[in-house]
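Trainee: Quick one, fold the following:
(one chain, ligands or ions: 2)
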Amino acid sequence: APALSGHAQARTTDQAQAADLDPTTIPQFQQAMPVPPTLKPTSVSGKAAYYEMTMKEADAEILPGMLTRVRTFNGSFPSPVIKAASGQRVVIKQTNQLTVPTSIHLHGAHVPQSSDGSPMDLIAAGGGSKTYTYPNNQPHANMWFHDHAHHEEAETVYRGLYGLYLLTDEKEQSLNLPSGAYDVPIALRDGRFDDAGQLAYTMNDPNRTVLMANGKAWPYFKVAARKYRFRLFNTSNMRFFALKLSDNSPFQLIGSDGGLLEKPLEVTSVALSPGERADVVVDFSRYDAGTTLVLENTRPLRPGEPVEQLSKVLQFRVTGPARDTSVVPATLRTLPPMGTATVNRSFELYVDETGATNNAYINGQAYDMSRIDTEIEYGATEIWTIHNANTRLPHNFHVHLVQFRVLERGGQPVTSGPEVALKDTVAVQPGETVKIQATFTGYEGTYVYHCHMIDHAAMGMMGNFRVSATRS
Ligand code: C2O
Ligand code: CU
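Mentor: Ligands and ions are numbered 1, 2, ... in the order given. As a prediction, this is how the structure comes out:
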């Protein structure tokens, strides 16, 4: 076996003996996909809602007829959803009853460092707690919260510690998009199971072939013959999805990481790297009752994989007609102006792709939580050039605190398509270079950027940036 560096070694030993469950033996489309429950605040006062969550282990039926031990919020897998509105603060007291330290990051949020859930800001295992305050002084966005305790995050997120956070605002509410039971958040991911039905975790594992939607392996979902809004989240550790309907029919892409696009885009496929979100509207009114169709993934985990059967993500079962007064308007929103950049920086992402080590770097250095890699002047607008120095493996790039814009991909300006949007995570394919632009305002403090193939982040593909008004 290849030598593994440091923390990676410790994380693999307990899995060494278990035999894999053959994923082709797992029955597909047997379990209904649940819609995660919305968490109720413990109290609401003025402009703030207060919540309490307890991180603890629980058993969940991910595979039909088997129980899997998972790490959860409130014992619920999938986690309850938090629904918030711009201008209304959310305060969450998180208590950690797990056996590992955690740090809860709200992905996509514009928050002070003290509530960012940074890798260095841990909640102690066995009863530690911390209160996070989310100001929600930003536009609507489909966000998600997940563990970020350095070295532990990859395994802890993989074992279930993530949940969805839907922030709305007046602009979004003024549109008559599909709502209520017709607005369905879906967290997609993959995993690998042992023959006892337990999630098998090995850092940087290339064999996670079981696909899950809202915590069920290959579920089905009943839909009426009308329009649905699906808010898709890629909560996988490492997997890139390219999603399409089995009949190749078009659907509308209406939003990305940081909320709605300016205009809906008609597409037949949507790409999602780990951490990214896509908001889509699918119109089932063209199908007869009794029709089934499947959301399929066409991007293999690695060349030659997955076999066709495993690439079916979720089956839709059309039940029958239903009233539909929703519309997808031709204009959804206006994106904020971009400002003029005054600073340029480069980031080179590299992971040892020989398999000899689990070493991963940004600009030749593995993450060190005591090192500031990038000093940013408060208020600065910067262009970051991100290069994937690997030739076979993709990466992506996520920046805390800001929503950025994608300027260029592979030397071509990005002026149309799904990436003309507010983004917080961007895919960078093997050998590719992507340019992004962001403005660093709102809070001073230290935050991270990293590859959101979260195993890569755990292996060191992460850096600290510090925003400060007075340059050191
Ligand atoms: Cu979704 Cu730094 O993470
Ligand atoms: Cu990576």
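Trainee: neighbouring strands for whatever helix or strand Tyr449 lives in, and are they parallel or not?
Mentor: In this assignment (DSSP states H and E), Tyr449 forms part of strand 445-450. Applying DSSP bridges, strand 445-450 is found paired with strand 395-399 (antiparallel), strand 462-468 (antiparallel).
Trainee: Put together CSV for those, with mean pLDDT on each row.
Mentor: As requested, these are exported to CSV (pLDDT from 0 to 100):
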stretch, mean pLDDT
strand 395-399, 98
strand 462-468, 98
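Trainee: which of those sits most buried?
Mentor: strand 395-399 (a mean of 25; mean count of other CB atoms under 10 Å). No exception for glycine: its C-beta is placed from N, CA and C like everyone else's.
Trainee: who in the chain is up against ligand 2?
Mentor: 395, 451, 453, 456 (CB under 5 Å from the ion).
Trainee: burial of Val318, as a residue count?
Mentor: 20 (other CB atoms under 10 Å).
Trainee: Is the helix or strand hosting Phe230 in proximity to ligand 1?
Mentor: If you go by DSSP H and E, Phe230 is part of strand 227-234. No: judged by CB under 6 Å from any ligand atom, strand 227-234 and ligand 1 are separated, with a smallest distance of 10.3 Å.
Trainee: got the contact list for that strand?
Mentor: 142, 144, 164, 166, 177-179, 182-189, 240-241, 243, 254-255, 270, 272-285, 324, 326, 328 (CB atoms under 8 Å, 6 or more residues apart in numbering).
Trainee: What's the first helix or strand after the strand holding Tyr449?
Mentor: helix 454-459.
Trainee: Tell me if that next one is near ligand 1.
Mentor: No: on the criterion CB under 6 Å from any ligand atom, helix 454-459 is out of touch with ligand 1, staying 6.9 Å away.
Trainee: Identify all contacting residues around that helix.
Mentor: 5, 7-8, 150-155, 157-158, 203-205, 237-238, 274-275, 351, 358-360, 366-367, 395, 450-451.
Trainee: Ignoring the adjacent residues along the chain, who's closest to the residue nearest the centre of the chain?
Mentor: Centroid-nearest residue in the chain, with CA atoms, centre = their mean: Gly275, separated by 2.6 Å. Distances taken as CB to CB, 6 or more residues apart in numbering place His452 nearest to Gly275, at 3.6 Å, with adjacent residues excluded.
Trainee: Count the residues that sit near that neighbour.
Mentor: 26.
Trainee: I figured it hits His398, correct?
Mentor: Yes: His452 lies in contact with His398 (CB atoms under 8 Å); the separation is 4.3 Å.
Trainee: Overlap of the contact sets of those two?
Mentor: Contacts common to His452 and His398, judged by CB under 8 Å, 6+ apart, are 275, 425.
Trainee: Now do the helices in the stretch 51-200 of the chain.
Mentor: 153-158, 170-174 (DSSP state H, counting those that start in this stretch).
Trainee: got TSV for those helices, with mean neighbour count too?
Mentor: Below are the helices of the stretch 51-200 of the chain laid out as TSV (neighbours: other CB atoms under 10 Å):
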stretch	mean neighbour count
helix 153-158	26
helix 170-174	14
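Trainee: Can you say which of these is nearest to ligand 1?
Mentor: Minimum separation from ligand 1 across the helices of the stretch 51-200 of the chain (CB to the nearest ligand atom) falls at helix 153-158, 8.2 Å.
Trainee: That closest one - contacts with which helices or strands?
Mentor: strand 141-147, helix 454-459 (3 or more CB pairs under 8 Å, 6 or more residues apart in numbering; DSSP states H and E).
Trainee: On the strand side of things, show who the nearest residue to Thr72 once chain neighbours are set aside bridges to.
Mentor: Leaving aside its sequence neighbours, Thr72 sits nearest to Ala58 (CB to CB, 6+ apart; 4.8 Å). Ala58 has these beta-bridge partners by DSSP bridges: Val70.
Trainee: ok, back up a step: so of the helices and strands packed on helix 153-158, which one's packed in deepest?
Mentor: Among the helices and strands packed on helix 153-158, highest average neighbours (mean count of other CB under 10 Å) belong to helix 454-459, with a mean of 28.
Trainee: Do me a favour and average the pLDDT over that helix.
Mentor: Mean per-residue pLDDT for helix 454-459: 98.
Trainee: From Val448, how far off is Met462?
Mentor: Met462 is 5 Å from Val448, where distance means CB to CB, to the nearest Å.
Trainee: Find residues that contact each of those two.
Mentor: By CB under 8 Å, 6+ apart, the residues touching both Met462 and Val448 are 119, 367.
Trainee: Look at the residue of the chain found nearest ligand 1 and say how many residues are nearby.
Mentor: The minimum distance from the chain to ligand 1, using CB to the nearest ligand atom, falls at His107 (3.4 Å). His107 has 24 neighbouring residues, counting by other CB under 10 Å.
Trainee: which other residues reach stretch 168-184?
Mentor: 35, 83-87, 139-140, 221, 224, 226-231, 254, 259-260, 281, 324-329, 332-333.
Trainee: Out of the residues you listed, list just those in strands.
Mentor: Using DSSP state E, 83-85, 221, 224, 227-231, 254, 259-260, 281 are the members of those that sit in strands.
Trainee: out of these, who's nearest Ile92?
Mentor: Of all the ones in strands among the contacts of stretch 168-184, the one sitting nearest Ile92 is Ala84; the distance, using CB to CB, is 10.3 Å.
Trainee: Quick check: pLDDT value at the closest one.
Mentor: For Ala84, pLDDT reads 98.
Trainee: Likewise for the one 5 residues further on?
Mentor: pLDDT recorded at Arg89 is 98.
Trainee: Next, the contact list for it, please.
Mentor: Taking CB under 8 Å, 6+ apart as the test, what Arg89 contacts is 47-49, 133-136.
Trainee: Please check these and keep the buried ones.
Mentor: 48-49, 134-136 (16 or more other CB atoms under 10 Å).
Trainee: Farthest pair within those residues?
Mentor: That would be Ala49 and Pro135, which, of those, are the farthest apart (CB to CB) at 12.3 Å.
Trainee: Arg231 pairs with what?
Mentor: With DSSP bridges as the rule, Arg231 is bridged to Pro185, Asp279.
Trainee: That one - how many residues pack around it?
Mentor: 19.
Trainee: Likewise for Glu305?
Mentor: 12.
Trainee: list the contacts for the residue nearest to it when sequence neighbours are not counted?
Mentor: Excluding its sequence neighbours, the residue lying closest to Glu305 (CB to CB, 6+ apart) is Thr209, at 6.8 Å. By CB under 8 Å, 6+ apart, the contact list for Thr209 reads 23, 190, 192, 301, 305-306, 310.
Trainee: Show me the residues you listed that map onto helices.
Mentor: Using DSSP state H, no member of these falls in helices.
Trainee: Domain map for the protein?
Mentor: When the chain is parsed with automatic domain parsing, its domains come out as 6-171, 180-321, 343-468.
Trainee: Mind pulling up the pLDDT for the residue nearest to Thr72?
Mentor: 98.
Trainee: dump the residue contacts of the closest residue to Ile92 other than its chain neighbours.
Mentor: Excluding the flanking residues, the one nearest Ile92 by CB to CB, 6+ apart is Tyr51, at 4.5 Å. Tyr51 is in contact with 39, 41-42, 82, 90-93, counting by CB under 8 Å, 6+ apart.
Trainee: do the same with Gly290
Mentor: Contacts of Gly290 by CB under 8 Å, 6+ apart are Val318.
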